[in-house]
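Enquirer: Need the 3D shape of this:
(chains A and B)
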Number of protein chains: 2
Amino acid sequence: MKTIRGGVCAAQGFKANGIRCGIRKNHTDKDLALVVSDVPCTAAAVYTRNLVKGAPIAVTKENIADGKAQAIIVNSGNANTCNADGPEIAREMCRLTAEVLGLDAKDIVIGSTGVIGQPLDITPIKNHMAELAAGLRRDGNEDAVEAIMTTDTRKKEAAVEFELDGVTCRIGGMAKGSGMIHPNMATTLIFITTDAAVSAEMLQKALSADVQTSFNMLSVDGDTSTNDTLAILANGLAGNAEINTEGEAYNIFMQALHAVTTDLCRKMAADGEGATKMLECRVSNAPDENAAKTVAKSVICSSLLKAAMFGADANWGRVLCAIGYAGVPLDVDKIEVSFESAKGKILVCENGAGVAFSEEKAKEILLENEIYILIDLHQGSAGATAWGCDLTYDYVKINGDYRT
Amino acid sequence: MKTIRGGVCAAQGFKANGIRCGIRKNHTDKDLALVVSDVPCTAAAVYTRNLVKGAPIAVTKENIADGKAQAIIVNSGNANTCNADGPEIAREMCRLTAEVLGLDAKDIVIGSTGVIGQPLDITPIKNHMAELAAGLRRDGNEDAVEAIMTTDTRKKEAAVEFELDGVTCRIGGMAKGSGMIHPNMATTLIFITTDAAVSAEMLQKALSADVQTSFNMLSVDGDTSTNDTLAILANGLAGNAEINTEGEAYNIFMQALHAVTTDLCRKMAADGEGATKMLECRVSNAPDENAAKTVAKSVICSSLLKAAMFGADANWGRVLCAIGYAGVPLDVDKIEVSFESAKGKILVCENGAGVAFSEEKAKEILLENEIYILIDLHQGSAGATAWGCDLTYDYVKINGDYRT
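Expert: Predicted coordinates for the structure are as follows:
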């Protein structure tokens, strides 16, 4: 397996484009993205567990109920959520997309992101659909990912190439963050494409399994969005024998998928709203995997620890505190904590109590922009990794006045 | 029942004092508080549910296991938590306190607040114990509350006077916040005194019941501290017939206790770390009380909503979002949301969807420093109230470099 470029266009037979149609007045950013496969695809998705769901989620669910799709339409600037006419608008977006592409409206995956509770005017989308489709191309992935950004500051793409039965396959994706991100679902908008042939059933199985250790282990601010969608399309153009059962080929596909999803996780964490640092919490030697995951998420979600990391302050007591309220029965007296970055590694707590360490060295380590919080529970053999970011002035600034 | 002054000294027979003994170098704040009753008291307490517990919690538990206590010693500047010698130091603090007061070390309630994982040097406490005790006086409550402050910016006290069997009783308390405050226990350090006669058993019953709708409904930042303690001493000097069973007198006492605890909740929320606004979320017409409480807490804990309130932005979609991920099965389409303050009230969402409202009026309402978020679920008759605060630049600043 090797890392390649191309995001959602890395796989054969996918084209993309992103343009500005004008959903938000007084903004100049691109706000409408389209990804299309040359041929029909199997499709699968996972969605937010928030009870309040964006209209696009209901419509995507309907559309891929048959395990098939061929295109993805996404707008930013408006979540189309908590609007009385939401489903109607979402279906109209699909109809317009299908019309311009000569497809069936039921083969469209749809996503929306932005402010909640403001009616989404279909007019700018309708007026620019022809332009959007006309610009579809094999290297349109960067325009597409740009068009789904909201408070994101960086385009988040990932892709890998891998072998299945001697055939080269590709899988790639794009994601948008960067606030309202919290474990418990496919977080925010993530679209993945592959030219591997995978049955809809196995595609869903792979996606549902993968999120447990990828996007469900990511938190920016503890808020679970109403519109989170992770969708995958597989067009089979690589020519491998279709994966329709568990086995070696499925496992290889899962590894490639996981490489793409965890790469996107790290990129989303690093670009969390206002973030200056990516935090990765690795828990080892836990009694079981669930305990390891719960502890890792609790630590990565602690506002106090996140603020300390912003200040490059080795306040490890906040790590212990977050472990303590995670809700997992543990022997606190066995816990060991270290901080690590490109500048080295420092042990700060052993047997549940502080050890003498150089504050100077700790500061040097924590001033880096990728920080690893290493927790050895010393009471089992299970492990887990969670991703997050620091809590900064800019998070507050971005969210203090988001709608204007 | 009427509100009175005096905090922990409002009840007859209680004296207090607070001084600086020098626990933190380079600081000039008071850091050691003492509250003493003239006569033995019944005592009760509730503690953090964090698995990582400060040494003072274990020692207080031991000391009031017999339902009796007579004095409270508290230091700020160091939490005496995650230190190998923690319990030893906490017991020595109790011994020194008992010695200077001529009491038994087993009659001392102890609390510590501050940084976790730095050894607490007993020397400054030992050296200043005589001075602390010599300064005990009936109006020493303000010095005491000042000495338990950490990042608090205001002294938080409350007291009421009420009648029991024609006898005037008083109950008062002091509290310190202001970060690491999250529902699920007696939050942070709160000490309450009363001259009502209440058996230890009923005192514990009253306290445990009260926290369910007072401190457990308070959140500043979602972090559950390791040292949270809420303790109450009742010295019986008011002369009422001892409350040793449920009934009218118990109910009256509960009302007075609740008036004090919810007053302290509001003050702690208003003085949350970096807060510019107190947020009170009132949920009505919920299917049951648990649902109402869960929804109210979810809303008050949303970082996104907290940041929006800081910016006086009527982003009600974030209220809906937080209701949606609360984990309570609800019919979202019935939800109604309004914002209220001293400047008026504005309806922003009805039947789960936005309604047209004046952004100008909403801004005027949200610029106030006490904001009420009113959620009518329209699917039952239960209610709940939760308290919190906005998320500000200063929260990040305070917690970005807390230890120096």
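
Enquirer: near chain B, anything from the one helix or strand A:V396 maps to?
Expert: Here A:V396, judged by DSSP states H and E, is contained in helix A:393-400. Yes. Using CB under 8 Å from any CB of the partner chain, helix A:393-400 reaches chain B at A:393, A:395-400. Glycine gets a C-beta too; all of them are placed from N, C-alpha and C.

Enquirer: Of these, which is the most crowded?
Expert: A:Y395 (30 neighbours; other CB atoms under 10 Å in any protein chain shown).

Enquirer: That residue contacts B:A307, doesn't it?
Expert: Yes. Counting by CB atoms under 8 Å, A:Y395 sits close enough to B:A307 to count as a contact (7.1 Å).

Enquirer: and the residue lying farthest from the centre of chain A, backbone torsions?
Expert: Distance from the centre of chain A peaks at A:A356, with 38.3 Å (CA atoms, centre = their mean). Per-residue torsions, A:A356: phi -70, psi 130 (degrees, to the nearest 10).

Enquirer: Let me know the pLDDT of whatever residue of the stretch 201-350 of chain A ends up closest to chain B.
Expert: Nearest to chain B, among the residues of the stretch 201-350 of chain A, is A:G317, at 2.6 Å (CB to the nearest CB). The score at A:G317 is 88. That number is its pLDDT.

Enquirer: pLDDT score assigned to A:K25?
Expert: For A:K25, the model assigns a pLDDT of 81.

Enquirer: who's in contact with it?
Expert: A:K25 sits next to no residue when contact means CB atoms under 8 Å, 6 or more residues apart in numbering or on different chains.

Enquirer: surely A:N240 meets A:C169?
Expert: Yes. Counting by CB under 8 Å, A:C169 is a contact partner of A:N240 at 6.0 Å.

Enquirer: Report whether the helix with the most length in chain A contacts chain B.
Expert: Scanning chain A for the helix with the most residues, using DSSP state H, yields helix A:248-270. No. With CB under 8 Å from any CB as the criterion, chain B is not reached by helix A:248-270; the gap is at least 15.4 Å.

Enquirer: residues in contact with the helix or strand following that helix?
Expert: Proceeding N to C from helix A:248-270, the next assigned helix or strand is strand A:278-286, under DSSP H and E. In this structure, residues lying in contact with strand A:278-286 by CB under 8 Å, 6+ apart are A:266, A:269-270, A:292-293, A:295-296, A:299-300, A:306, A:309, A:369-390.

Enquirer: The same query, at a cut-off of 6 Å, please.
Expert: With contact meaning CB atoms under 6 Å, 6 or more residues apart in numbering or on different chains, strand A:278-286 is reached by A:269-270, A:292, A:295-296, A:299-300, A:309, A:370-378, A:380-389.

Enquirer: hmm, back to that, can you pick out the most distant pair from the residues of helix A:393-400 next to chain B?
Expert: By the measure CB to CB, A:Y393 and A:N399 form the most distant pair in the residues of helix A:393-400 next to chain B, at 11.2 Å.

Enquirer: Show me how chain A divides into domains.
Expert: Residue ranges for the domains of chain A, per automatic domain parsing: A:2-270, A:278-400.

Enquirer: and the end-to-end length of the longest one?
Expert: Domain A:2-270 has an end-to-end distance of 22 Å (criterion: CA to CA, to the nearest Å).

Enquirer: now it, how far from the centre of its chain.
Expert: Offset of domain A:2-270 from its chain centre (CA atoms, centre = their mean, to the nearest Å): 10 Å.

Enquirer: Flag every residue of chain A that's near chain B.
Expert: For chain A, the residues found near chain B under the criterion CB under 6 Å from any CB of the partner chain are A:50-52, A:82, A:84, A:116-117, A:180, A:221-224, A:226, A:302-304, A:307, A:310-311, A:313, A:315, A:317, A:320-321, A:324-325, A:332, A:353-354, A:391-393, A:396, A:399-401, A:403.

Enquirer: Mind giving me the packing neighbours of the host helix or strand of A:S112?
Expert: In this structure, A:S112 sits in strand A:108-113 according to DSSP H and E. Contact partners of strand A:108-113 among helices and strands, from 3 or more CB pairs under 6 Å, 6 or more residues apart in numbering or on different chains; DSSP states H and E: helix A:55-63, strand A:68-76, helix A:86-101.

Enquirer: Now the strand ranked longest in chain A: buried residues?
Expert: The longest strand of chain A (DSSP state E) is strand A:32-47. Neighbour-count burial for strand A:32-47, counted by 16 or more other CB atoms under 10 Å in any protein chain shown, picks out A:32-37, A:41-47.

Enquirer: That one packs against which elements?
Expert: Partner elements for strand A:32-47 (3+ CB pairs under 6 Å, 6+ apart): strand A:14-19, strand A:68-76, helix A:141-147, helix A:200-211, strand A:229-234.

Enquirer: Go again with 8 Å.
Expert: Counting contacts by 3 or more CB pairs under 8 Å, 6 or more residues apart in numbering or on different chains; DSSP states H and E, strand A:32-47 is packed against strand A:14-19, helix A:55-63, strand A:68-76, helix A:123-134, helix A:141-147, strand A:189-194, helix A:200-211, strand A:229-234.

Enquirer: Tabulate those (TSV), appending mean pLDDT.
Expert: Output for these, formatted as TSV (pLDDT from 0 to 100):
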stretch	mean pLDDT
strand A:14-19	98
helix A:55-63	96
strand A:68-76	96
helix A:123-134	98
helix A:141-147	97
strand A:189-194	93
helix A:200-211	94
strand A:229-234	93
